[in-house]
Structures are given as C-alpha cells and as structure tokens.
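> Sequence plus the predicted model coming up.
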Amino acid sequence: MTTQTNNNAGKSGAEAGAVEFVEKLRTALKRDGDFPANAKLVGELRMLVSDPKTTANQVTELILKEPSLGTRVLHMVNSSFYRRAKPIMTVSQAVIQIGMRPLAELCAGLVLLQKFVPAARRGGPFAACLQRTIITSLLTSTLSSNLNTPGSSKADETGYLAGSFSELGVLLLAYYFPQIYDNALRRAETKKHDIRQSIHEITGLSPIQLSIEVINALNLPEFYKHALLAVQDVIDKKNPDEGPPERQNSARLAKALFASQKISTAVVHSKSKQELDSTIQGLKQDLNLDAKVLNNIVGELPQIFKNHCNSIDLVCPPLPEYVAAYGSTALTTSGTEDEQPVSDEVSQFSSFVEEIREAVESREPTASIITRVMETFAWSLHFDRVILMLVGSGKKKLLGRMALGAIDDFDPKKFERPLGPEAGPYAPDAQAFTEGRPIFSGDPLFEDGWPIAAIPIGYGQRSIGVIYADRAGSINDEVSSREQAAIGVLAELLDRSVSIHSK
C-alpha cells in the first residue's frame, strides 16, 4: 500500500512539474516579441493558403513583405537539396511551380528557424541543438518523399516543416532555459542514454509533448500535432490502422520523423561511426526501410546540410567525415560563392529591398522604382555597369535611357538593341524581355562584361523594358545562386510596380 501511495505521489509530482514547466515556456514565448511575431507571419500564410479564393499573387506579396525572406526562399529552392532541373527565378514562379501550400510551409520553417541563427553563431550546446533540428528537418523531407511519391514537392516541404516542428520544443527549451538543457546533456552523458530521455526525466515532458505544447501555444496547424502523435505511436509500436483517421494519414510521415530524429541525434551526439551504424541498422530492421535508400540519404546529408546552412546564413561545424561514407551517390559538388555565408551583404541587400518594397506599396512612380533597382544592382550587388533600356514603339527595339557606372565613350540615349527575329539567340536583354524572366547567360553587351544579368521591367504584356547589368573583367563564371535569388526579388518588385500603375 505504501509503495502504491509513493508511486502515485511521484506521478502527481511529475505531472505538477510538467504543468509548471509548460507555463514557464508559454510565459517565455509571450515575453519574446520576435518569435510570436514570426509565428504570426506563419499564421497569416496559413490563413491565405487555406482560403480557396487566394491567388498566387497574394502569397507572393506576403512573402515579399518580409525583406530577406524572398531571397532566402529562392536560394533554398534552387539549392542541391531540391535538385531542380531548371532554376526558379522569382517568388511568383516558386508559388506556381511548388504550390501555394508547400511554399507557405517552407517559408514558415525558414521564418521560425531564422530567429535562432544569431544565438547559434556563438556556438556551444545551443548551436548543436539547432544543428540537430536542421538535420532532422532535412532528413524528414528526404525520407518522407521517398516513402511517398518520389519527387513529390509537397512531401519535401511538408516533411521539412514537420521535422522542424518535431524539434521545436527542445530547441525552445535550449533557447529560453539553457541551464535545464545543459543539465539534460550532462545527465545523458552520465547515464549513457538519449538526451531526449533526460529531458523527459527533468521536465516531466517528452520532446514530442514539448513540441505539441509549442504548436498549441503558437496556434500552428493541427496537422503537425497529429503527425507528432503518430510518432509516439511508432515509439510505442502501435498499429497505425487502429488509431484515429488523422494519425493513419500521418503514418508514413511519422515513420520518416522517427527515423530522422534517431539519425540526427546519432550524428550530433555520437562519438563514433559504430554508434551511427547501430542506429541505422536498428531503423532498417524496426521500420523495414530500404537499406540502400537510407544509406544514400545519410551519405548525401553533409553536403545538403552545408548548402542549407549557407542559405540561412548560419555557420555550423561540418558533420563528421564518416557520415559522407554511407552514400554510394553522395553529393560531390562544391560551391564557390556559396561556401561562406555573407551576412553583411544579405543585411545590406535587405535594407535596399525593404526601401523598394515600401516605395512600391506607396505607389511611387515606376520610374522611381526603376532608379532604386538600378542603384541596388550597382551599390548592393556590386555590378560595375547598369543600363536601363525601354521598349520602343512597335516593340522592335530597346532604347537606352540611363546608365550607372563608368563606361568610356558611351551615351545611353544613343544606345539601341534589337528585339524579335533581329535579336541574336544569345542576346540576354532580348531574351529577358521576350521570356519575362531574369537571364544570367548569353552574349555580354560589352566585350569585357562578365558575369551578366538582365531583368524585364514587368512580365509578359506589361513589360516596358529591361535592366542590364554586368561586371567588368570578373573571373567569376556566372552570377552566384545567392545573387540570382536576390535579382529575382528585384524583378518581382518591378513587375509589382508596373502592375499597380497599369490598372
């Protein structure tokens, strides 16, 4: 009887501790203006994509309102993580090609994680915690797409955000209560068990329960809560067919989440390849996962992780070298300009974009917007020459109007370029005008001009001209993927301005 009483007392004490910790976490979230504000943007995106009357243009506009978000999204969707055959050049293209809902979910993940990047740059246990969150997100995305229809973009983006949300509880614990997280790390080290078990023992809540509490507090989509509950079913080895319908629908995603969490914990916290071997072998047996697929996914992880960190300007230590040894087709491509984050440049570009966006929304004349965009090319993106050309009558020529930069013996107002059949097949300005998209290859307008960029001023029938830019005598092969993403945002804002004034 005494033992039973003690057990009940211990259980009620743990439950009281869990309730108390949840209240502390909710209080911390309320005090932090940034994170709930980021969650608010997530909510706005969710409301938009849930409305069947929402247009792609509305989603595009909301994304562009967050100064650096459009650039980050384009940089990410064109990274090796997505393996796209053709690059996506603008946010509106991304909305159409990826889909409103998957893209909104991708943006949500980027917005929420961005909050933690400055703290992670200082290193330490929190940086490792964010590293594990990112790894879980990337693995869940890749695994869920393999468990569903191969190449499904919806599985990619849903899996990525599900992975982020599954780790969000622990991430916020490490962020708001670093001492508790440090204690959990030491406890796991001493007792030789998973840190997730230590967190449960200290707080009275499992990491899944923590994340569900955060999802509730931030009013995030119910879908992700059901997915996490389905993960608990995997842990408890329950038959998904016997559970509620919403959990049955999340069974494959839950399987990917469970495996991803196990692998990410092993990658970040294990001391040897043998520990990761043991984890992967256990997953193959317990979840009946294809051994070759799982090995290739793990082998590709270091390069994908590196590229992803660059896309959110996060400096993270590389993953252990032995991780890459798993994949027979591990990524071998290495970036050039994308190797190092360029936080200062991104920040400077964001300020230019924010000014342009405000000017567009204030309905400033398109001529003013064009000037601002040209200045951004010259002063933020560091192009040596920037030329404005407007379409002539009959749309047979582009006529020079203005130029920035030192160009010897050049009068922009006497400069003309043909359109239509008379334009060569590699004329970047004509191609940008005709195809209504940014162009980064072709014949430069000046002999020493390289790399190059040309963007239309308005898309389709709205187009009124082209902005061309190049660098003089640069040794770079092409405009970097990060810069291409930035230029895509500028083209989007120009089109928005032309659209407003053509109504």
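Good, I have the coordinates. Numbers count the residues shown, from 1 in each chain.
> can you list the domains in this structure?
122-341, 343-502 (automatic domain parsing).
> could I get the ones you listed as CSV with distance to K24 and mean neighbour count?
From N, CA and C alone the C-beta is placed, and that goes for glycine too. As requested, the domains of the chain are exported to CSV (distance: least, C-beta to C-beta, whole Å; neighbours: other C-beta atoms under 10 Å):
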stretch, distance to K24, mean neighbour count
domain 122-341, 7, 19
domain 343-502, 32, 18
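> Mind putting those into CSV with mean pLDDT and distance to L48?
As requested, the domains of the chain are exported to CSV (pLDDT from 0 to 100; distance: least, C-beta to C-beta, whole Å):
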stretch, mean pLDDT, distance to L48
domain 122-341, 81, 13
domain 343-502, 89, 17
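> Of all these, which one is nearest N57?
Nearest to N57, of all the domains of the chain, is domain 343-502, at 8.5 Å by C-beta to C-beta.
> Would you confirm that I280 contacts V298?
Yes. Assessed by C-beta atoms under 8 Å, I280 is found in contact with V298 at 6.6 Å.
> Between these two, which contacts overlap?
I263, Y326 (C-beta atoms under 8 Å, 6 or more residues apart in numbering).
> returning to what we had before: export the domains of the chain to TSV and tack on distance to G43?
TSV is the format used below for these (distance: least, C-beta to C-beta, whole Å):
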stretch	distance to G43
domain 122-341	6
domain 343-502	21
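> Out of the ones you listed, which is closest to P87?
Of these, nearest to P87 by C-beta to C-beta is domain 343-502, at 6.9 Å.
> just how off-centre is the closest one within its chain?
26 Å (C-alpha atoms, centre = their mean, to the nearest Å).
> cool, and stretch 190-206?
Worked out by C-alpha atoms, centre = their mean, stretch 190-206 lies 30 Å from the chain centre.
> which other residues reach that stretch?
The contact list for stretch 190-206 (C-beta under 8 Å, 6+ apart) reads 14-15, 17-18, 21-22, 169-170, 173, 180-181, 183-185, 187-188, 207, 210, 213, 232, 261, 265, 269.
> Give me the distance between the two termini of it.
End-to-end distance for stretch 190-206, by C-alpha to C-alpha, to the nearest Å: 19 Å.
> all helices for the stretch 251-400 of the chain, in order.
Listed in chain order, the helices of the stretch 251-400 of the chain (DSSP state H, counting those that start in this stretch) span 251-269, 273-287, 291-311, 321-324, 343-361, 366-375.
> What are the neighbouring residues in contact with the nearest residue to I215 once chain neighbours are set aside?
Once flanking residues are discounted, I215 sits nearest to K225: 5.1 Å by C-beta to C-beta, 6 or more residues apart in numbering. Contact analysis of K225 by C-beta under 8 Å, 6+ apart lists I212, I215, N216.
> Tell me which of the helices of the stretch 251-400 of the chain lies nearest to E435.
helix 366-375 (18.8 Å).
> helices or strands next to the closest one in the packing?
helix 343-361, strand 385-391, strand 397-404, strand 465-472, helix 481-502 (3 or more C-beta pairs under 8 Å, 6 or more residues apart in numbering; DSSP states H and E).
> So which other helices or strands are in contact with the helix or strand just after the third one?
So the one you mean is strand 397-404. Where DSSP states H and E defines the elements, the next helix or strand beyond strand 397-404 is strand 416-418. Judged by 3+ C-beta pairs under 8 Å, 6+ apart, the packing partners of strand 416-418 are strand 397-404, helix 428-435.
> Direction included, what does strand 416-418 pair up with?
Strand pairing for strand 416-418, determined by DSSP bridges: strand 397-404 (antiparallel).
> can you list contacts of the strand it pairs with?
Counting by C-beta under 8 Å, 6+ apart, 371, 374-375, 377-378, 385-392, 410-419, 429-430, 433, 465-466 sit against strand 397-404.
> Next, the angle from the one helix or strand the residue nearest to I215 maps to to helix 251-269.
Taking DSSP H and E as the criterion, K225 maps to helix 222-235. Counting by axes from the mean of the first three to the mean of the last three C-alpha atoms, to 10 degrees, helix 222-235 lies at 70 degrees to helix 251-269.
> what's the distance between helix 222-235 and the middle of its chain?
23 Å.
> Report the angle between that helix and helix 273-287.
Counting by the same axes, to 10 degrees, helix 222-235 lies at 100 degrees to helix 273-287.
> Going forward, count from 52.
Sure thing, new numbering starts at 52, so read that last one as helix 273-286.
> CA atoms of helix 273-286 as PDB?
Output of helix 273-286 as PDB, limited to C-alpha atoms (Å, rounded to 0.1, in the frame of the first residue of the first chain):
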ATOM      1  CA  GLU A 273      -3.200  20.800 -36.300                       C
ATOM      2  CA  PHE A 274      -1.700  18.600 -39.000                       C
ATOM      3  CA  TYR A 275       1.700  18.700 -37.400                       C
ATOM      4  CA  LYS A 276       0.300  17.900 -33.900                       C
ATOM      5  CA  HIS A 277      -1.300  14.700 -35.400                       C
ATOM      6  CA  ALA A 278       2.000  13.900 -37.100                       C
ATOM      7  CA  LEU A 279       3.800  14.100 -33.700                       C
ATOM      8  CA  LEU A 280       1.200  12.000 -32.000                       C
ATOM      9  CA  ALA A 281       1.700   9.400 -34.800                       C
ATOM     10  CA  VAL A 282       5.400   9.400 -34.000                       C
ATOM     11  CA  GLN A 283       4.500   8.500 -30.400                       C
ATOM     12  CA  ASP A 284       2.500   5.600 -31.900                       C
ATOM     13  CA  VAL A 285       5.700   4.500 -33.700                       C
ATOM     14  CA  ILE A 286       7.700   4.700 -30.400                       C
END
